[in-house]
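Novice: Attaching a predicted model along with its sequence, questions to come.
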Protein chains: 2
Amino acid sequence: MAAKSPQRQPVVGGRAAVSPTAVREAALTLFAERGYHGTALSQIAKALDIQTPSLYNHMASKQDLLVAILQDTTDRVLAEYDAAVDGVEDVGERLSAATYTYALRHATHPREAVIVNRDATAIDEPVRAAVYAKRRKHADDFRELIQKGVESGRFDVENATVAAFAILEMCVSIARWFDPDGPVSAEEIARQHGEFALRIVGVRSALSACSDGAS
Amino acid sequence: MAAKSPQRQPVVGGRAAVSPTAVREAALTLFAERGYHGTALSQIAKALDIQTPSLYNHMASKQDLLVAILQDTTDRVLAEYDAAVDGVEDVGERLSAATYTYALRHATHPREAVIVNRDATAIDEPVRAAVYAKRRKHADDFRELIQKGVESGRFDVENATVAAFAILEMCVSIARWFDPDGPVSAEEIARQHGEFALRIVGVRSALSACSDGAS
DNA sequence: CCTACCGATCGGTAGG
DNA sequence: CCTACCGATCGGTAGG
């Protein structure tokens, strides 16, 4: 009965303590569920079984909580992209790896993804502009990757920008429908999306190869 | 200076009048921009150049405004799907037509789409359950369509549910990035997404046909 | 970590 | 369509 919520860390002496991490964890869940403006600090406090003013021992403000989530998430997305394509030369493999990584992140971190995509408009300038710039950078990297594949004749799409958005956004949406307790694993979902990406850009995979391959 | 906003309809005598349609139009824009919880009725009133209480001459409540938008939109999506596939027998053509229609809606009605996808959690029961049921119906229709294509050997995907989500959600996202004043028309975007859908399910199109492909 | 409390703003009503 | 006004709740502070 002492530890009513998993966010509370039991401490010697039977008392429980709330940490900045626990506050952020509760905020992630509630912001993702009801949105930033739809979540009251009193609800976060209730989830942690403390009073609202006590939250200020672990955070600067509600806005700061959101900013930290958005900045961390966008930073990680860019870092994971770089790590995924690092050293990979084949443009098809680069697209496949970048898509796999992006899809996997959305399957394993759905709350962060939902918040970034819904509540980025709720943060104040100049942070908002910085977050948008990072998201644009990621989309541009994808677009340029596809454009390279088109120019080298490996990919076949009418418009690299449209194809990039289609691929990116089908990955983003995983955060909204994927069930980690369902029959398909996060890795399997990510793999299939890597395959979808190749199909969208017109790369013949082993699965659906023609007899004479691509021209 | 008498007509400060496009939502105001000029009336004989130099006076302006606000209508239920104008209120809804302003709500569509603001809800899409800042979210339902992030929009105050005072902001909607300001956009219409009236005082907040005057809004109640044209609507029942803020919640009612959202409910009307969500119900109308989900109803239209289902009706458009039925109309798109009606009489079309070939399973590839059915998928292409259903995707084209869904994509076109999101390119031409981005505000409605953004609100449905972000603020459906903000409506009270039992309406919320009804809206979710309609969205599920549409997704199920898509999934069954793809499943039929797989069973008949026309489509080649590992998991019809995953493919259905990927196709649907890349269309939904159009509402978030498409610029109607950009170089590509809504119809062209929709056409390309119809093509992407066929590629995702492994159908060889005219564009990327093998030697034995169609014209 | 708490109680007590703040000004601001929210959606909505009364009454014309 | 307006002014005047309501109770509720918001994020946040004071002070221990």
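Specialist: All right, it came through fine.

Novice: from here on, contacts and neighbour counts on C-alpha atoms
Specialist: Noted.

Novice: Show me the domain layout of chain A.
Specialist: A:17-57, A:63-200 (automatic domain parsing).

Novice: Residues of chain A that sit close to DNA strand D?
Specialist: Within chain A, the residues that sit near DNA strand D (C-alpha under 7 Å from any atom of the strand) are A:His37, A:Thr39, A:Ala40, A:Leu41, A:Ser42, A:Thr52, A:Pro53, A:Tyr56, A:Ser61, A:Lys62, A:Gln63.

Novice: can you do 6 Å?
Specialist: By C-alpha under 6 Å from any atom of the strand, the residues of chain A that approach DNA strand D are A:Thr39, A:Ala40, A:Leu41, A:Ser42, A:Pro53, A:Ser61, A:Lys62, A:Gln63.

Novice: Quick check: A:Ala197 vs DNA strand C, distance?
Specialist: A:Ala197 sits 41 Å away from DNA strand C, going by C-alpha to the nearest atom of the strand, to the nearest Å.

Novice: same deal with A:Val131?
Specialist: For A:Val131, the distance to DNA strand C equals 25 Å [C-alpha to the nearest atom of the strand].

Novice: Contact partners for that residue?
Specialist: Listed by C-alpha atoms under 8 Å, 6 or more residues apart in numbering or on different chains, the contact set of A:Val131 reads A:Leu70, A:Gln71, A:Thr74, A:Ala120.

Novice: Let me see the confidence value for the last one.
Specialist: As predicted, A:Ala120 sits at a pLDDT of 96.

Novice: Contact partners for it?
Specialist: A:Leu70, A:Arg128, A:Val131.

Novice: try 10 Å this time
Specialist: Residues near A:Ala120 by C-alpha atoms under 10 Å, 6 or more residues apart in numbering or on different chains: A:Tyr36, A:Leu66, A:Val67, A:Leu70, A:Val114, A:Val127, A:Arg128, A:Ala129, A:Val131, A:Tyr132, B:Arg34.

Novice: Now the element after whatever helix or strand the second one lives in, going C-ward?
Specialist: Per DSSP states H and E: A:Leu66 is located in helix A:62-85. Scanning forward in sequence from helix A:62-85, with DSSP H and E defining helices and strands, the next element found is helix A:91-108.

Novice: between the contacts of A:Val131, which is nearest DNA strand C?
Specialist: A:Ala120 (18.6 Å; C-alpha to the nearest atom of the strand).

Novice: the helices in chain A, which residues?
Specialist: In chain A, the helices defined using DSSP state H lie at A:20-34, A:41-47, A:62-85, A:91-108, A:110-119, A:127-151, A:160-172, A:174-177, A:186-200.

Novice: burial measure for A:Ala113, as a count.
Specialist: 24 (other C-alpha atoms under 10 Å in any protein chain shown).

Novice: Which of the residues of chain A next to DNA strand D sits closest to A:Phe155?
Specialist: Nearest to A:Phe155 among the residues of chain A next to DNA strand D is A:Gln63, at 42.9 Å by C-alpha to C-alpha.

Novice: and of the helices of chain A, who's closest to B:Val157?
Specialist: Between B:Val157 and those, the tightest spacing by C-alpha to C-alpha is seen for helix A:186-200, at 9.1 Å.

Novice: residues in contact with stretch A:50-70?
Specialist: Against stretch A:50-70 from outside (C-alpha under 10 Å, 6+ apart): A:8, A:17-25, A:27-28, A:31, A:36, A:39-46, A:48, A:73, A:111-113, A:115-117, A:119-120, A:122-124, A:127-128, A:131-132.

Novice: buried subset of these?
Specialist: Neighbour-count burial within those applies to A:8, A:18-19, A:22-25, A:27-28, A:31, A:36, A:39-41, A:43-45, A:48, A:73, A:111-113, A:115-116, A:119-120, A:122-123, A:128, A:131-132; the criterion is 16 or more other C-alpha atoms under 10 Å in any protein chain shown.

Novice: gap between A:Tyr170 and B:Ala98?
Specialist: Actually, residue A:170 is Met rather than Tyr. The gap separating A:Met170 from B:Ala98 is 17 Å, by C-alpha to C-alpha, to the nearest Å.

Novice: A:Asn117 now?
Specialist: 26 Å.

Novice: Can you pull the residues of chain A lying near DNA strand C?
Specialist: A:Ala17, A:Val18, A:Ile50, A:Gln51, A:Pro53, A:Ser54, A:Asn57.

Novice: change it to 7 Å
Specialist: Residues of chain A lying near DNA strand C (C-alpha under 7 Å from any atom of the strand): A:16-19, A:49-55, A:57-58.

Novice: so what's A:Val85 up against?
Specialist: A:Val91, A:Glu93, A:Arg94, A:Leu95, A:Ser96, A:Ala97, A:Ala98, A:Thr99, A:Thr101.

Novice: Now for those, which sits with the most neighbours around it?
Specialist: A:Thr99 leads the contacts of A:Val85 on contacts (other C-alpha under 10 Å) with 29 neighbours.
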